[in-house]
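Novice: all I have is the shape, not the residue letters:
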DNA sequence: AGAAGGACTGGAACTGGTTCCACACCCTAA
DNA sequence: TTAGGGTGTGGAACCAGTTCCAGTCCTTCT
């Protein structure tokens, strides 16, 4: 930590150690053979001069930025779900001496691909090796990223409007089996009148609804979908749906909410009407957001390992970078129903 | 978007446009004079060849990475507060074509500075121009960052254990005036028995307590501090404090919570005991986290503009980079009490 | 007409690493 | 004794930009 000259180059180190520049490079990359004596001399010179190699120069030659971009689309803030994915990406990346650039983007699903104004990171060449797409992803963005030949991996649960099985690397979690498990659990606890609350125009909520439906069907029960028109938000949707749920002829004993925000909205509205959860009605959510534990009683919900999603995205992107010709892969991570306090055992 | 040759250099563009390489560079940097005709020819060649300049090469020459690191310390997850600061940093940065690298770090306040294992980003030279420190900051980390001569700006509210007015660039918000305003508001609404709940061994909670105390004193009221031993978390602290608050001889009519998490814990425990907020007791928080609006009734609290903190950090860091010799500056951003539903007008 | 000045342009030199070829040296085998 | 192979080393060439100096050309002034 003594007087560190602002810049030292390998040439100066070479002079100080009385060796050639190639040798310095070899020592730095701890690769090919350098004799024990020479290596020691070089390391000593490096220490004396406080030399730190210039990362930019190496990157230029290596044609690797050792950096990926985490691109969050169409979210006005980095909410806990995506924040944890980012955290997963970063912690895995830093172990491999890879860096993670954070960028945000707002675009409309109707903008033509080549008119999407990508963040500066993606406009320059060589700055990053690849992109991890998070947030809501529409086909035009994917096409745009493809057009600049940027390798990418998408967090697939929020992909919207992809006609058929479009081919790209993706990582997601299992919406279908999450609600299937939750529904089976409710049925095992004696529930028969179970409704699903959620706007199924969102593909991920639709998949969750399908899981619920499967659970109902395999038990010869009648699936019921509750939707509201023009909700302001998921929470608002939950609050508005309560009336329609309670007023059904045969009153449901349990609700499968499309996500935790909806569950929260339902719960709040139920509280206000004096309907006790879980005594009078049971409730399960999906996502296991922080709020799930804040509710009283804490919400039984479907857990998703967000860090693992991030880690898997990063892992897959690195594979893609090393094998550009590799076939596309799609990982679906398992989800797990967690029992807390909002489901009552009937009978 | 036709066939884009993987790599094109300015020399090829120069050849295609029939000009010299210097001219290409001048056009790219839109700086010095290039005749209208030449510029058009060059731009056309760039478009035809699908040329995108190599960012690494420019960075190397310019000796600027145009990149800063957002370093989050000692948080096991990027919670909404810091996530929004990051978002503020990024949105301001991207307007200036600066990039933001996300990195996390865990360290103990007792590790000697030179033993702190910095993330890879900070170990290489030239990768980033400076650092924005967020999360909990102890003196040893600051010393470490100084020792590698890395310009930095710290988000100062969570700085812990800085003996005297140590000199460095910092941005924070006004803890003192936040609770002062909140306390004055409560007093204006007729409250006299007001207590403060929070563990004041955290410097920021201590400052908030001082603001509360000031508010009480200037109205000749007696400040009361409620603390609990060994809480697991702020939420837990809130829950545990309720007993001590309610059992006071002259029962308080209002509680100033050290932060929203404590307020949430208090509220929950009050609900359980059947004590109505705000009918039987008023409650105010601090931070304006998302949860504040989820509570029922929504929490009156002190708002902090997190995006603005991020933006100011970035702005200050850029100034520091342009004027390395400039005197250190400390910005304190204002806070604002927001009225929602948890304060009752007495009398 | 000639000089002076400004606008524009070409390209060599440069940045700070990596790569690779040539070469020195030593040891062993023929 | 000489050829041959392996190990270790020096440094030119390179990457893809920027910088800057010198030179051309065209005005404008004297």
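Specialist: Received the coordinates, thanks. As the structure is a computational prediction, the values presented were derived from the model and not from experiment. Residues are numbered from 1 along each chain as shown, chains lettered A, B, ... in the order given.
Novice: nearest residue to the middle of chain A?
Specialist: residue A:85 (4.1 Å; Cα atoms, centre = their mean).
Novice: which residues of the stretch 151-300 of chain A lie near chain B?
Specialist: Contact residues (Cβ under 8 Å from any Cβ of the partner chain) of the stretch 151-300 of chain A with chain B: A:235, A:264, A:268, A:271, A:272, A:291, A:294, A:296. Any C-beta I mention is one placed from the backbone N, CA and C, and that applies to glycine too.
Novice: from those residues, which land in strands?
Specialist: Under the assignment DSSP state E, these contribute nothing to strands.
Novice: what sits up against stretch A:38-51?
Specialist: A:2, A:4-5, A:8, A:10, A:12-13, A:16-19, A:23-24, A:27, A:34 (Cβ atoms under 8 Å, 6 or more residues apart in numbering or on different chains).
Novice: how does it look with 7 Å?
Specialist: The contact list for stretch A:38-51, computed with Cβ atoms under 7 Å, 6 or more residues apart in numbering or on different chains, reads A:4, A:5, A:8, A:12, A:13, A:16, A:17, A:19, A:23, A:24, A:27.
Novice: now the helices: where do they sit in the stretch 51-200 of chain A?
Specialist: Counting by DSSP state H, counting those that start in this stretch, the segments of the stretch 51-200 of chain A that form helices are A:55-62, A:80-95, A:120-123, A:139-147, A:175-188.
Novice: mind putting those into JSON lines with mean pLDDT and distance to DNA strand D?
Specialist: As requested, the helices of the stretch 51-200 of chain A are arranged in JSON lines below (pLDDT from 0 to 100; distance: least, Cβ to the nearest atom of the strand, whole Å):
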{"stretch": "helix A:55-62", "mean pLDDT": "91", "distance to DNA strand D": "5"}
{"stretch": "helix A:80-95", "mean pLDDT": "94", "distance to DNA strand D": "25"}
{"stretch": "helix A:120-123", "mean pLDDT": "88", "distance to DNA strand D": "13"}
{"stretch": "helix A:139-147", "mean pLDDT": "94", "distance to DNA strand D": "19"}
{"stretch": "helix A:175-188", "mean pLDDT": "98", "distance to DNA strand D": "44"}
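Novice: point me to the helix or strand that includes the residue of the stretch 1-150 of chain A found nearest DNA strand D.
Specialist: Closest residue of the stretch 1-150 of chain A to DNA strand D, Cβ to the nearest atom of the strand: residue A:22 (2.1 Å). Assessed by DSSP states H and E, residue A:22 sits inside helix A:21-28.
Novice: hmm, that helix touching chain B?
Specialist: No. Using Cβ under 7 Å from any Cβ of the partner chain, helix A:21-28 never reaches chain B; the gap is at least 11.5 Å.
Novice: report the buried residues of the next helix-or-strand element following that helix.
Specialist: Using DSSP H and E, the next helix or strand after helix A:21-28 towards the C-terminus is helix A:36-49. For helix A:36-49, a neighbour-count test (16 or more other Cβ atoms under 10 Å in any protein chain shown) marks A:38, A:39, A:41, A:42, A:45, A:46, A:49 as buried.
Novice: stretch A:311-327 too?
Specialist: A:311, A:312, A:313, A:314, A:315, A:316, A:317, A:318, A:320.
Novice: and if you look at stretch A:139-148?
Specialist: Those would be A:140, A:141, A:142, A:144, A:145, A:148, for stretch A:139-148 by 16+ other Cβ under 10 Å.
Novice: that stretch vs chain B: in contact?
Specialist: Yes. Under the criterion of Cβ under 7 Å from any Cβ, chain B is reached by stretch A:139-148 at residue A:147.
Novice: residue A:205 touches residue A:199, doesn't it?
Specialist: Yes. With contact defined as Cβ atoms under 7 Å, residue A:205 reaches residue A:199; the gap is 6.0 Å.
Novice: between those two, point out the one with more neighbours.
Specialist: Counted by other Cβ atoms under 10 Å in any protein chain shown, residue A:205 and residue A:199 do not tie: residue A:205 has more neighbours, with 23 against 20.
Novice: in a helix, the more buried one, correct?
Specialist: Yes. Counting by DSSP: H, G, I helix; E, B strand; the rest coil, residue A:205 is found in a helix.
Novice: what residues does the stretch 1-150 of chain A put near DNA strand C?
Specialist: A:7-11, A:21-22, A:24-26, A:28-29, A:53-54, A:57-58, A:60-62 (Cβ under 7 Å from any atom of the strand).
Novice: please pick the buried ones from these.
Specialist: A:8, A:10, A:24, A:26, A:28, A:53, A:54, A:57, A:58, A:60.
Novice: any chance of these in JSON lines, with distance to residue B:135 too?
Specialist: Output for these, formatted as JSON lines (distance: Cβ to Cβ, whole Å):
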{"residue": "A:8", "distance to residue B:135": "32"}
{"residue": "A:10", "distance to residue B:135": "35"}
{"residue": "A:24", "distance to residue B:135": "37"}
{"residue": "A:26", "distance to residue B:135": "39"}
{"residue": "A:28", "distance to residue B:135": "32"}
{"residue": "A:53", "distance to residue B:135": "28"}
{"residue": "A:54", "distance to residue B:135": "28"}
{"residue": "A:57", "distance to residue B:135": "31"}
{"residue": "A:58", "distance to residue B:135": "29"}
{"residue": "A:60", "distance to residue B:135": "33"}
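Novice: of those residues, which one scores lowest on pLDDT?
Specialist: pLDDT across those is lowest for residue A:8, at 87.
Novice: contacts only, for that one.
Specialist: A:49, A:50, A:51.
Novice: was I right about the residue nearest to the centre of chain A contacting residue A:154?
Specialist: No. Between residue A:85 and residue A:154 there is no contact under Cβ under 7 Å: 11.7 Å.
Novice: can you list contacts of the helix holding residue A:22?
Specialist: Counting by Cβ under 7 Å, 6+ apart, A:10, A:11, A:13, A:14, A:32, A:34, A:38, A:39, A:42, A:43, A:53 sit against helix A:21-28.
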